[in-house]
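> any chance you could fold what I've pasted below:
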Amino acid sequence: MSEIRGEIVEVNGPVIKACGFSSAGIGDQVEVGSQKLIGEIIAIKKDIAIIQVYEDTTGLRLGMEVISLGHPISVELGPGLIGNVFDGLQRPLSKIAKVSPFIQRGAEKQALERERTWHVQPIVKVGDYLEENDIYAHIQETPLIVHKLLVPQGIKGEVIEVLPEGDYHIQDVIVKVKQEGKIKELKCYQLWPIRKPRPTKGYVLPDEPLITGQRVLDFFFPLAKGGTAIIPGGFGTGKTVTQHQLAKWSDADLIIYIGCGERGNEMTQVLEEFPKLQDPRTGRPLMERTILIANVSNMPVTAREASIYTGITMAEYFRDMGYNVAVMADSTSRWAEALREIAGRLEEMPAEEGYPSYLASRIAEFYERAGRRKIKDNRCGSISIIGAVSPPGGDFSEPVTQHSKRFTKVFWALDKELAGARHFPSVNWLLSYSQYIPEVEKWWQQQSQELKWPQLREQAMAILEQDAYLQKVVRLIGPDALPDSQKLVYEVARIIKEGFLQQNAFDPNDCYCSAQKQLKIMGIILYFYSRAQQCLEKRIPVTKILQLPVVTDIVRAKSEISDEQLDKFEHLKENIDLEFSKLEKEYGSI
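Residues are numbered from 1 along each chain as shown. A predicted model of the protein is given here:
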């Protein structure tokens, strides 16, 4: 579509009105003013277009030219995305930083480098028939990720020309296809509108958990690959640190971290830490499988909305290659605040707490782009979305949290009291839940023939729920008034909290915990509980049981036994049997 030109007739912060756009389309990208600020048409009334501008509008005047480009805001998808840092509009910040420490208004920087060459290995030959999403070439983008070039949507036909294996620029034509008498050129990159989900052949049941290495999440409230989760929590509860841990240790093939309205110092920490981190599975730098989108709080508020869609579109592209992608959105509350500000400037009728009435549908649109999808008959990929929510004052009844709960299946509730007690991750095990437990149960059962995950999880949760009641009793009358059976539950719950639920992000053995180690730790805690119950039946005082030296060993097992030393749990089990046998003999002779 050809360009349409008009002029500004009203400026209201990031929202402007321009005349002369009766033939423009909703969602079209525009360039505003002499600096060509990036904007998007969000409404049209007769020939007046209402445009939200994604950059600072200071200095705009009435009568300045506005150009509609005739296509929606799109991102470039191709080699060069991984390991890069972009803003919410996919401008590469590393390139912009060479010119200025701040993003200049109207900065035009192509997302993918045109000068760099990539080693391309075509996997098709002349005469082959290609369809949408077929793979026609491979590029080793990083040592961890093979970039698979996909046939764009709307193109299919017979291959009539293929370049030989070699080094090429992304704008070079690798394959030519004949479609209904016309020649279609396939390059190393393609464009895709950020608000339009990439089509697939259908959903596939997510039946494998996304292992994060965080015990409280993996063991008690698992997230399936292709699932959706939210992390709500008040200020200081550790949302961002939890997101960082998930980005570092998740066993997804690719991580896309979206800092949406984040504080600049927190995003700086990500940019400084991630290049130094190693992937626990391969030992390679973590950035070789990571894409960062930095849209910090001092950037124009409207760009926050675009950053979410930019990140999820990149995720869909790599999902279509057959990869498992994890998207971290921090924070969706600040994204919702951007919607509220724009809605206010558009004079739209406010709904609850001033948010626009379409807040729920926008949240649903975002989370619905997650899932495990069938791309081709022999290829599946998944997108897992983990969104942080920042409810004011930690109030989980506010609109963003409530609407997010409706469209997600995992709820990791962060607790201010736990955070204040230095218990991290501060996930409240009584408020949190996961609806993926039936789907991932088979996977967990395959991890150990001896230790049954469903039974261990159920028994541990029962102890923690009993402890919640006993905590109230203890506050009133003290622990000494409890009978021995309840004292044992009270103390075993403490062992679970300290020896399993708490995790030290700075301990080399405890920062990441494999599924096998998680089963071993919980198995040994519950084995101790079982032996202790047997002793109580023999009239052995609970105080004597809790004084056994092995109790300390159980709590310390998480940091003293590494993932490569799981056989030590057998020695720990033998010590438990030995100490209980001595105790039973001592009281048996009395």
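> need the longest helix for this protein.
Ordering each helix of the chain by length in residues (DSSP state H) puts helix 453-477 first.
> what's that one in contact with?
If you take Cβ atoms under 8 Å, 6 or more residues apart in numbering as the criterion, helix 453-477 is touched by 219-220, 429-430, 437, 441, 444-445, 447, 481-482, 486, 489-490, 492-494, 496-497, 500, 519, 522-523, 525-526, 529. Glycine gets a C-beta too; all of them are placed from N, C-alpha and C.
> in a helix, residue 160, correct?
No: assessed by DSSP: H, G, I helix; E, B strand; the rest coil, residue 160 does not belong to a helix; its assignment is strand.
> quick one: contacts for it?
Shown in contact with residue 160 (Cβ under 8 Å, 6+ apart): 126, 176-178, 183.
> narrow those to those that are buried.
Among the contacts of residue 160, the ones that count as buried by 16 or more other Cβ atoms under 10 Å are 176-177.
> and the gap between residue 434 and residue 369?
Noted for residue 434: a distance of 20 Å to residue 369, by Cβ to Cβ, to the nearest Å.
> and residue 205, by the same measure?
For residue 205, the distance to residue 369 equals 18 Å [Cβ to Cβ].
> comparing these two, which residue is more hemmed in?
Neighbour totals were compared for residue 205 and residue 369, and residue 369 leads with 21 against 8 (other Cβ atoms under 10 Å).
> my guess is that one meets residue 312, correct?
Yes: Residue 369 lies in contact with residue 312 (Cβ atoms under 8 Å); the separation is 5.0 Å.
> what is in contact with these two at once?
Common contacts of residue 369 and residue 312 (Cβ under 8 Å, 6+ apart): 383, 385.
> report the helix or strand with the lowest average pLDDT across this protein.
Across the helices and strands of the chain, mean pLDDT, DSSP states H and E gives its lowest value to helix 264-273, namely a mean of 77.
> which elements pack onto the next helix or strand after that helix?
Per DSSP states H and E, helix 264-273 leads on to strand 290-295 as the next helix or strand towards the C-terminus. Secondary-structure packing of strand 290-295 (3 or more Cβ pairs under 8 Å, 6 or more residues apart in numbering; DSSP states H and E): strand 85-86, strand 254-260, helix 264-273, helix 302-320.
> and if we set it to 10 Å?
Applying 3 or more Cβ pairs under 10 Å, 6 or more residues apart in numbering; DSSP states H and E, we find strand 290-295 packed against strand 85-86, helix 93-99, helix 239-249, strand 254-260, helix 264-273, helix 302-320, strand 324-330, helix 332-345.
> since we're on residue 291, how many residues are nearby?
Neighbours of residue 291 (other Cβ under 10 Å): 23.
> can you give me the domain boundaries for this protein?
Domains of the chain are assigned by automatic domain parsing as 4-72, 113-188, 202-436, 453-588.
> what's the most buried one of the ones you listed?
domain 202-436 (a mean of 20; mean count of other Cβ atoms under 10 Å).
> which secondary structure element is home to residue 536?
Counting by DSSP H and E, residue 536 is part of helix 515-537.
> report the rounded mean pLDDT for that helix.
Taken as a whole, helix 515-537 has an average pLDDT of 96.
> got the CA coordinates for it in PDB?
C-alpha atoms of helix 515-537 as PDB (Å, rounded to 0.1, in the frame of the first residue of the first chain):
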ATOM      1  CA  ALA A 515      14.400 -32.800  39.600                       C
ATOM      2  CA  GLN A 516      16.300 -35.900  40.900                       C
ATOM      3  CA  LYS A 517      17.800 -34.000  43.800                       C
ATOM      4  CA  GLN A 518      14.400 -32.400  44.700                       C
ATOM      5  CA  LEU A 519      13.000 -35.900  45.000                       C
ATOM      6  CA  LYS A 520      15.900 -37.100  47.100                       C
ATOM      7  CA  ILE A 521      15.700 -34.200  49.500                       C
ATOM      8  CA  MET A 522      11.900 -34.500  50.000                       C
ATOM      9  CA  GLY A 523      12.200 -38.300  50.200                       C
ATOM     10  CA  ILE A 524      14.800 -38.100  53.000                       C
ATOM     11  CA  ILE A 525      12.800 -35.600  55.000                       C
ATOM     12  CA  LEU A 526       9.600 -37.700  54.800                       C
ATOM     13  CA  TYR A 527      11.600 -40.900  55.600                       C
ATOM     14  CA  PHE A 528      12.800 -39.100  58.800                       C
ATOM     15  CA  TYR A 529       9.200 -38.200  59.500                       C
ATOM     16  CA  SER A 530       8.100 -41.800  59.100                       C
ATOM     17  CA  ARG A 531      10.800 -43.200  61.400                       C
ATOM     18  CA  ALA A 532      10.000 -40.500  63.900                       C
ATOM     19  CA  GLN A 533       6.300 -41.500  63.900                       C
ATOM     20  CA  GLN A 534       7.400 -45.100  64.600                       C
ATOM     21  CA  CYS A 535       9.400 -43.900  67.600                       C
ATOM     22  CA  LEU A 536       6.400 -41.900  69.000                       C
ATOM     23  CA  GLU A 537       4.400 -45.100  68.900                       C
END
